[in-house]
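K.L.:
heads up, no residue letters with this:
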Ligand code: SAM
């Protein structure tokens, strides 16, 4: 292929324009679209909330597998194009909005369901805020499948004591069982991102399901503080909040040394330290 044909070929894959600032990498490889669809734990009566449908690479496929797809796109031009593409299809609704401002519970109420399925080939520049937002709204989510940067996928599924184990691993594993389901190479997207990608599926099951909701939220706040400065040990990260003596007592009760770091603790151990610290006063 000569240079001009290569450019034309690329343009036809990418389309007329894309906005890199909005993390626009469109999934053009049909084989990966199908593979991803197969991995999603979709039910015929599901209402799917799609994050960033873009040019609808997955929207139509999702429609064939669920009752309704509500696609939330922040790019006005893309949203208008999708409106036109799916006109006359009541099973698809396009919402022009920032996903970080969307109330999932309100969508569920509008659709008469308790929970929705969430799917998204995520805009990578806001992966963490999106995950936070989703876990905050976990009561409205039955199950999820999210395509993200492979490095982030590895963090979400990381085991304690490993380099990748961080706040996001715990936030994810407290509220769900994440699994890396499909590895997706850059060439499957147009334009190709600089990084590898992966589909993560999330079985929404709380680790400590006997905890009331507020306790889960408090635990997350606690974990955020534990990992506030990765180089510091737990005593330093929590020093401004709890008395040193209480912290030492809590570590001892968990059978851990004073110079303990957050990443050395399993989810259960972090929960034990949290419970022991919150049982009495600070
Ligand atoms: N789903 C399409 C696909 O697979 O080809 C596009 C995926 S692309 C990686 C991410 C999409 O998210 C883009 O269409 C982008 O415009 C959209 N997006 C970016 N920020 C957003 C936000 N805050 N809320 C909703 N959509 C957003």
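P.N.:
Arrived safely, thanks for sending. Computed from a prediction, not measured in an experiment: that's the story for all the values here. Numbers count the residues shown, from 1 in each chain.
K.L.:
care to break this protein down by domain?
P.N.:
Per automatic domain parsing, the structural domains of the chain span 3-204, 213-279.
K.L.:
among these, which comes closest to the ligand?
P.N.:
domain 3-204 (2.1 Å; Cβ to the nearest ligand atom). Every C-beta, even on glycine, is put in place using the N, C-alpha and C of the backbone.
K.L.:
rewinding a little: make CSV out of the domains of the chain and add distance to the ligand.
P.N.:
Formatted as CSV, the domains of the chain follow (distance: least, Cβ to the nearest ligand atom, whole Å):
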stretch, distance to the ligand
domain 3-204, 2
domain 213-279, 22
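K.L.:
what segments of the stretch 1-150 of the chain are strands?
P.N.:
With DSSP state E, counting those that start in this stretch applied, the stretch 1-150 of the chain shows strands at 26-27, 47-51, 68-73, 92-96, 116-121, 141-149, listed in chain order.
K.L.:
now the third one: average pLDDT?
P.N.:
If I follow you right, that is strand 68-73. Mean pLDDT, computed over strand 68-73, is 98.
K.L.:
helices or strands up against it?
P.N.:
Applying 3 or more Cβ pairs under 8 Å, 6 or more residues apart in numbering; DSSP states H and E, one finds that strand 68-73 contacts strand 47-51, helix 59-63, helix 76-85, strand 92-96, helix 104-111.
K.L.:
can I get the domains of the chain in JSON lines including mean neighbour count?
P.N.:
Output for these, formatted as JSON lines (neighbours: other Cβ atoms under 10 Å):
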{"stretch": "domain 3-204", "mean neighbour count": "17"}
{"stretch": "domain 213-279", "mean neighbour count": "16"}
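K.L.:
need the helices for the stretch 151-282 of the chain, in chain order.
P.N.:
167-175, 213-226, 234-238, 244-253, 267-279 (DSSP state H, counting those that start in this stretch).
K.L.:
switch those over to TSV; also include mean pLDDT and distance to residue 153.
P.N.:
Compiled in TSV, those are given as follows (pLDDT from 0 to 100; distance: least, Cβ to Cβ, whole Å):
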stretch	mean pLDDT	distance to residue 153
helix 167-175	94	10
helix 213-226	91	20
helix 234-238	93	26
helix 244-253	92	32
helix 267-279	90	18
